[in-house]
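> sequence first, then the predicted structure, then my questions.
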Amino acid sequence: MASNAQRRIKHVSYAKYGYIFIIPFFLIYFIFSFYPLVNTIKYSFEKNNSKEAIIYEGEFVGVENYRHILTTATKGAKDYYTHAGMNEAFSRALGNTFKIWIMNFFPQICLSMLLAVWFTDAKLKIPGKGIFKVVMYMPNIITAASVAVLALKMFSNDSFSIVNNTLLNLGWIDKPIQFLADMKLKRTLIAGIQTWMWFGNTMILLMSGIAGINPSLFEAANIDGANSRQVFFRVTVPLLRPILLFTLVTSLIGGMQMFDIPYLFNPGTNRSPGTQTIATFIYQIYMESRIKNTGHSGAASVVLFVITAALGSIVFFINRDKDEIANKKYIKKLRKQAAAKKGYGGLGL
Amino acid sequence: MSKNSMKDNYKIKDNYNTNLRIRSLIITVICVILAVICLLPIYLLIINATRNTSEILNGATLIPGDQTIINYKKLIALDGFNALTGFKNSFIIAGSSSLLSVFISALTAYALVVYDFKLKGPAFTFILAVLMIPTQVSAIGFVRFMIRLGFFNTYVPLIVPVMAAPATVFFIRQFMKSSFPLDIVEAARIDGSSEFRTFLTIGIPMLKPAMSVQLIFAFIFNWNNFFTPSMIITSTEKYTLPMMINTLSSDRYTDYGMVYMGIALSIVPLIVVYFILSKYIIEGVALGGVKE
């Protein structure tokens, strides 16, 4: 006979501790991240009429800010800032962001993939693999701001910078290369720095992916006489697809927020449009306008949000807990069966 | 006949081995070149920090100079740049925010694994959904909100918001899912331990590997952060290290030895710490990539 006490023990619920333990996280997140996000969206539909930087006087303007940054200006349009200027700056920022990302990602993924395959190949005898890994990951931890300033000094336009000086002394060039004056070169340089900083990280991610592939598949391929190229394209790449997708999407999201290096590559108020990115656009339109232009900056933020949300949903589906989903399906099935039985028995319990 | 085929076999094996050896050699050479590309800029930076401007303008070299102390003295005499203050400020911000964020993340992850509650699924889904939202997206609303709360030009906006780090929660939860025996919580309950005490005395020690890796990453991330501080902090004595470095990028400073010294001061300590902790860091990166 189950006593009352026994029944009660069975029903002790610890659920409330679950809520108590997650409250700090959600409280902080909602106050300091979610509420500001909602506010940013609100600002993107308003125009700041305040004459002072600290005070905000919003006036609802509908989709005007979006129209400015996303559409080309028509003659005679009523603009409160310059429509043409905003549109030009934003589309350039968007274009630059993608250009720099593409120039950085494809060399990076090829290099990282090659290194990952080599480092996980047990047949190859590469001494000091551990040291190589540590050294190649190192650029990733260095402060991006410091890297940018260092690169500015090393690649400056004059003939005294380390790179120009060395190339001149070697006789490979006749006059100093204008790394920072030619916009294409400047973007390439930024992309190069990004590759330098991130290839080690991508390499380690891919290595752990390759390590997760069942080794018997490689053995089988070897026994069947596949050469290393065939193994790479027929076994490694197909099985790495989820990780490659993950790397691609996270890199793209990271690339969309690129700020430190492009920002520092424009010292002072000397803003060159060739290296403006979405993040520096958001920052500068707000921070460097006298009246704090929250409208256009906010609209650009929302555009960035939409892009990252679309990309992020891919990562979301990769990260979903597959066991949990399977569990839930199983529980649902059991419930259905139980319900069916109940109906059949007619009595219930 | 059988002898012949055996000879052939040896030949094939020899060929195969030489092939492998040549390939290994080529790959090692490529790796060495890449390692040099990774290290050379840092090495040249350190060397230039020990030379004076005219030496630097004469060209790069691999041999250190003797101007280290003079460069350092010039740097600390500089108005608005104080490496030591920058260090202190960055350390306070990065240290406190990463410690707090890892603690809160562990608490959240623990709740999401140990307890069964109605909103558990939605809570985890929410964390996954916001995992990828960049700071830049909410920056304008954030700065405005901080001005309204009176936190502008203080460290509060740099420490408190990063305490809720979805990525850290996600990582610790994944770690817990794979290696945390739930029976141990049950055992602690039978022994009469309160839930919070169980978390502190059993949960945290068992989560230490994941937490320490995340602590290192959070520290590096917050130490290197340039975007948020540059929107919030306005007075130079509160500048973080990356902000101080930003002031060095100006063309005003023509003393290259001093500028290189400033950059070196911001990079070298980080690299030293990295090499000490590299084993854990590399492992942490690798774990982050395991997605079935």
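Everything's here; your move. Numbering: from 1, shown residues only, chains lettered A, B, ... in the order given.
> for residue A:47, give me phi and psi.
phi -120, psi 130 (degrees, to the nearest 10).
> tell me the centre residue of chain B?
The C-alpha lying nearest the average C-alpha coordinate of chain B belongs to residue B:220 (C-alpha atoms, centre = their mean; 3.0 Å).
> the residue nearest to that residue when sequence neighbours are not counted: neighbouring residues, count only.
Spatial nearest neighbour of residue B:220, chain neighbours left out: residue A:141 (5.3 Å); criterion: C-beta to C-beta, 6 or more residues apart in numbering or on different chains. In short, each C-beta sits where N, CA and C put it, glycine included. The local packing of residue A:141 (other C-beta atoms under 10 Å in any protein chain shown) involves 23 other residues.
> tell me the contacts of the residue of the stretch 51-200 of chain A found nearest chain B?
Nearest residue of the stretch 51-200 of chain A to chain B: residue A:145, at 3.8 Å (C-beta to the nearest C-beta). Residue A:145 makes contact with A:260, A:264, B:224, B:226, B:242-243, B:245-246, B:266 under the criterion C-beta atoms under 8 Å, 6 or more residues apart in numbering or on different chains.
> from the residues you listed, which is closest to residue A:223?
Nearest to residue A:223 out of the contacts of residue A:145 is residue B:224 (C-beta to C-beta; 47.8 Å).
> count of neighbours near the nearest residue to the closest one once chain neighbours are set aside?
Closest residue to residue B:224 apart from its sequence neighbours, by C-beta to C-beta, 6+ apart: residue A:143 at 4.5 Å. Counted with other C-beta under 10 Å, the neighbours of residue A:143 add up to 24.
> quick one: pLDDT of residue A:143?
Residue A:143 is assigned 91 on the pLDDT scale.
> my read: it touches residue B:267, true?
Yes: the criterion here is C-beta atoms under 8 Å, and residue A:143 meets it with residue B:267 at 6.7 Å.
> the residue nearest to the centre of chain B: which element?
Using DSSP states H and E, residue B:220 falls within helix B:204-224.
> what's that helix packed up against?
Applying 3 or more C-beta pairs under 8 Å, 6 or more residues apart in numbering or on different chains; DSSP states H and E, one finds that helix B:204-224 contacts helix B:83-114, helix B:166-179, helix B:256-288.
> and the angle from it to helix B:256-288?
150 degrees (axes from the mean of the first three to the mean of the last three C-alpha atoms, to 10 degrees).
> hey, C-alpha coordinates of stretch A:25-33 in CSV?
Provided in CSV are the C-alpha atoms of stretch A:25-33 (Å, rounded to 0.1, in the frame of the first residue of the first chain):
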residue,chain,number,x,y,z
PHE,A,25,21.1,34.6,-18.2
PHE,A,26,17.7,35.5,-19.7
LEU,A,27,17.3,38.6,-17.6
ILE,A,28,20.6,40.0,-18.7
TYR,A,29,20.1,38.9,-22.3
PHE,A,30,16.7,40.5,-22.5
ILE,A,31,17.7,43.8,-20.9
PHE,A,32,21.1,44.3,-22.6
SER,A,33,20.8,42.6,-25.9
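> tell me how far that stretch lies from the chain's centre.
The chain centroid and the centroid of stretch A:25-33 are separated by 21 Å, computed with C-alpha atoms, centre = their mean, to the nearest Å.
> hmm, stretch A:181-198 touching chain B?
Yes: for stretch A:181-198, a contact with chain B is found by C-beta under 8 Å from any C-beta of the partner chain, at residue A:196.
> how many residues are close by residue 246?
By default, I'm working from chain A. 20.
> not quite, I wanted chain B
22.
> from the contact counts, what lies against the strand or helix carrying it?
Per DSSP H and E, residue B:246 falls inside helix B:241-248. Here helix B:241-248 touches helix A:144-154, helix B:83-114, helix B:227-232, helix B:256-288, going by 3+ C-beta pairs under 8 Å, 6+ apart.
> ok, 10 Å please
helix A:144-154, helix A:260-264, helix B:83-114, helix B:204-224, helix B:227-232, helix B:256-288 (3 or more C-beta pairs under 10 Å, 6 or more residues apart in numbering or on different chains; DSSP states H and E).
> next, the angle from the longest one to helix B:83-114.
If I follow you right, that is helix B:256-288. Using the same axes, to 10 degrees, helix B:256-288 lies at 10 degrees relative to helix B:83-114.
> show me where pLDDT drops low in the chain?
Went with chain A since none was named. Scanning chain A for pLDDT under 70 picks out the ranges A:1-11, A:74-81, A:267-272, A:321-323, A:341-349.
> other chain: chain B
Ranges of chain B meeting pLDDT under 70: B:1-13, B:80, B:251, B:288-292.
> domain-wise, how is it divided?
B:2-68, B:80-249 (automatic domain parsing).
> of those domains, flag the one that's most buried.
For these, average neighbour numbers computed from mean count of other C-beta atoms under 10 Å in any protein chain shown are highest in domain B:80-249, which has a mean of 19.
> for residue A:187, find the nearest of the helices and strands packed on helix B:241-248.
Residue A:187 lies closest, by C-beta to C-beta, to one member of the helices and strands packed on helix B:241-248: helix A:260-264, at 8.9 Å.
> who touches both of residue A:143 and residue B:267?
Common contacts of residue A:143 and residue B:267, defined by C-beta atoms under 10 Å, 6 or more residues apart in numbering or on different chains, comprise A:149-150, B:241, B:245.
> just give me the closest of those to residue B:153.
Among the shared contacts of residue A:143 and residue B:267, and counting by C-beta to C-beta, the member closest to residue B:153 is residue B:241, at 17.4 Å.
> for that closest one, give me its contacts.
Going by C-beta under 10 Å, 6+ apart, residue B:241 touches A:143, A:145-146, B:83, B:85-91, B:93-94, B:223-224, B:226, B:229, B:262, B:265-267, B:269-270.
> 7 Å instead, please
By C-beta atoms under 7 Å, 6 or more residues apart in numbering or on different chains, the contact list for residue B:241 reads B:86-87, B:90, B:266.
> re earlier: so how far is residue B:266 from the residue nearest to the residue of the stretch 51-200 of chain A closest to chain B when sequence neighbours are not counted?
Counting by C-beta to C-beta, 6+ apart, residue A:145 lies nearest to residue B:242, which is 3.8 Å off, once chain neighbours are set aside. Distance from residue B:242 to residue B:266, counting by C-beta to C-beta, to the nearest Å: 7 Å.
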